[in-house]
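[1] curious how this folds, go ahead:
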Amino acid sequence: MADYATRRAPSGPDDGESAGGDSLEELRHLIIAPEQEDLAKLRERIENPELRVQDVSAVLPEAIRLRREQDGEEALGEALAPSVESALRESVRKDPGTLADALFPVMGPAIRRSILQTLRSLFDSFNQTMEQSLSLRGLQWRFEALRTGRPFSEVALMHSLLFRVEQVFLIHKKTGLPLAHVVAPTVAMEDPSLVSGMLSAIQNFVHDSFHSPQGEGVEKLNVGELEVWVEDGPYAILAAVIRGMAPPDFRSTMVETLELLHRKFGAQMAQFEGETAPFAAAANDLSICLDSRYKEKASVRPKPYVLVFASVLALLAAGWLSVRWWQDRQWGRFVDSLRTQPGLVVTSFERQGGRFVISGLRDPLSSDPQSLVQSAGLDARKAEFHWAAYYALDDAIVQQRAISVLHPPAGAKLSLQHGALHIEGQAPSAWIAALKSKVPLLAGVQAVDLSRLVDENQAEFDRVKSMVERQVVKFPVGSAEIPADEVQVLRELGPQIISLLQACGTLHRDLAFTVVGHSDSTGPEATNIPLSQLRADRMRSLLLREGLPKDVSAAKGVASSEPLQSEESEPARQLNRSVTFRVALRPVPQS
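    Residues are numbered from 1 along each chain as shown. Next up, the predicted model:
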């Protein structure tokens, strides 16, 4: 006891405080140490992001499931939609192949199934049309199509079809808006909004007018050759457009389809406010109602007279087709020949009601197409032409146009080569003057060549001028008297002067007539000049009596300065003792 008391008793004030503090700290540690460790771990878990992520990932799937059960799928979908859409956009932006690879197992079979279904429907329709077209019944239907004016496919469908569902509409019952719509292949699509609005209006009219109970309304409508079957549901109406007589069991198909759609899309139908995107998948379920049935072909052995009739009909058809082919070939060749005709441009050629209709452009100067038809040995009554007028630029047509506009005289010949108009021969001066003003107005004439065109009035003037200037009146030595044997020259000059004056009138020019007196060189020049002048004056006076106008004539003596020949002999000197004549044209003086 003494030893224990001694050990526990403090020896002084400091020793007692130190022992007491250690004991208290040790006691505190024993009591709250586990809680402090837990608090430290909890602080670490809260402040460490990696640990928080691990905790959230452990409970996230269960939290999503619990949230969906509490608030429904719509609230969770609205919350997750922005994040999912953003993630999808970012994924597509970075690598579109990832999303494509993910959708490939789903989209591939769906696309192949859709293509196969379309091709199968197309081949079935084609096979059916071919079977009906090459049979006796098909020929009968073709005659009916010709007689009634209906397409052959419509006649064949009318005789072979039992019924076909052409369109199916899923219509929201409360708003009357279309939710989904499917159409059978080869059927013209109608506006779903118009059809759904019409059906809703009819349903409302029946409810309001006849006070029918809820769920009861119009079940069938007749619209021409079509029937519309209607099936009413809690949230939507199913309407099927049917051609032909559908069996009663098709109503069961509609009911089952409508029930299936309500099971899948009932919540969306109840909350529908105009957005049809959630009902895109309903088209697959509606396609179940796109049914069709055809009459079964009876295996009846054809009778002999039917075979004979079919053979005769086939021969007649073959003969008719052969004749038609031959006519088409003949007229096709004729049209090809028309295309080579200058001034004709064929733009279209077709057969209408047994007549061959040819349209195009025609120059008024081109060949008559009707006469070309007769020249080709074809029946002109089967041709119908529609021509629009135009000016052709073919050389042959432009040449005809030039002839019709210019009216060339008999002595002139026109030809056209590559747009250049060549004129050769003789023509009056007035025509040549008019030609120069008319040629620029001719379409297709780019240039004119007049190098081989002779003015016949100028030619006549030149001819008479040459005759006059060849005349020589000889005089005796030293005399100005005209010998008797030279009077004949004077008589010839009178008519020639009249011809010169007429030619000058057609040329619209004045005549310049000069009588030139000559002398030989034997005498002095002082004597020869007056003598030559006297000879010229004497001859001019005689010509004035023959009709030579005074104002266009002149006399000039040149003595021996202009000899006609060199004086090497007496005949040459005698020729120089003479009078000659010079003729020229001068402009008409302006008044």
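
[2] low-confidence stretches in the stretch 301-450 of the chain?
    301-303, 305-306 (pLDDT under 70).

[3] mind running it again at 90?
    Along the stretch 301-450 of the chain, the model assigns pLDDT under 90 to residues 301-335, 337-356, 362-387, 389-450.

[4] all strands of it, in order?
    344-352, 355-362, 383-389, 412-417, 420-427, 447-455 (DSSP state E, counting those that start in this stretch).

[5] do the stretch 151-300 of the chain as well
    Counting by DSSP E, counting those that start in this stretch, the strands of the stretch 151-300 of the chain are 161-172, 178-183, 220-223, 226-232, 236-244, 292-294.

[6] quick one: closest of those strands to residue 527.
    With CB to CB as the measure, strand 178-183 is the member of the strands of the stretch 151-300 of the chain nearest residue 527 (128.5 Å). For glycine as for every other residue, the C-beta is placed from the backbone atoms N, C-alpha and C.

[7] ok, back up a step: quick one: the strands of the stretch 301-450 of the chain as CSV, columns for distance to residue 219 too.
    Shown next, in CSV, are the strands of the stretch 301-450 of the chain (distance: least, CB to CB, whole Å):
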stretch, distance to residue 219
strand 344-352, 49
strand 355-362, 53
strand 383-389, 56
strand 412-417, 83
strand 420-427, 86
strand 447-455, 87
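
[8] out of those strands, flag the one nearest residue 26.
    Short answer: strand 344-352, nearest of those by CB to CB, at 117.5 Å.

[9] so what strands line up beside the closest one?
    Sheet pairing of strand 344-352 (DSSP bridges) gives strand 355-362 (antiparallel).

[10] could you identify the longest helix within this protein?
    Counting by DSSP state H, the longest helix found in the chain is helix 49-94.

[11] and the average pLDDT for it is what?
    The pLDDT scores in helix 49-94 average 73.

[12] give me the helices and strands touching it, please.
    helix 13-47, helix 96-133 (3 or more CB pairs under 8 Å, 6 or more residues apart in numbering; DSSP states H and E).

[13] ok, of the ones you listed, where does mean pLDDT dip lowest?
    helix 96-133 (a mean of 54).

[14] shouldn't residue 432 be in contact with residue 454?
    No: under the criterion of CB atoms under 8 Å, residue 432 makes no contact with residue 454, lying 9.5 Å away.

[15] ok, these two, which is more surrounded?
    Shown here are residue 432 and residue 454; by other CB atoms under 10 Å, residue 432 has more neighbours (20 against 16).

[16] next one: the closest residue to the more buried one other than its chain neighbours, what pLDDT does it get?
    Leaving aside its chain neighbours, residue 432 sits nearest to residue 455 (5.8 Å; criterion: CB to CB, 6 or more residues apart in numbering). Residue 455 carries a pLDDT score of 81 in this model.

[17] cool, and residue 531?
    90.

[18] how about residue 583?
    91.

[19] can you report how many residues neighbour it?
    Residues lying near residue 583 (other CB under 10 Å) number 21.

[20] can you check residue 313 too?
    When counting by other CB under 10 Å, one arrives at 14 neighbours for residue 313.

[21] quick one: it from residue 278, how far?
    For residue 313, the distance to residue 278 (CB to CB, to the nearest Å) stands at 58 Å.

[22] list the contacts of the residue nearest the centre of the chain.
    Centroid-nearest residue in the chain: residue 347, 13.6 Å away (criterion: CA atoms, centre = their mean). Applying CB atoms under 8 Å, 6 or more residues apart in numbering, we find residue 347 in contact with 359-361.

[23] alright, calling it a day.
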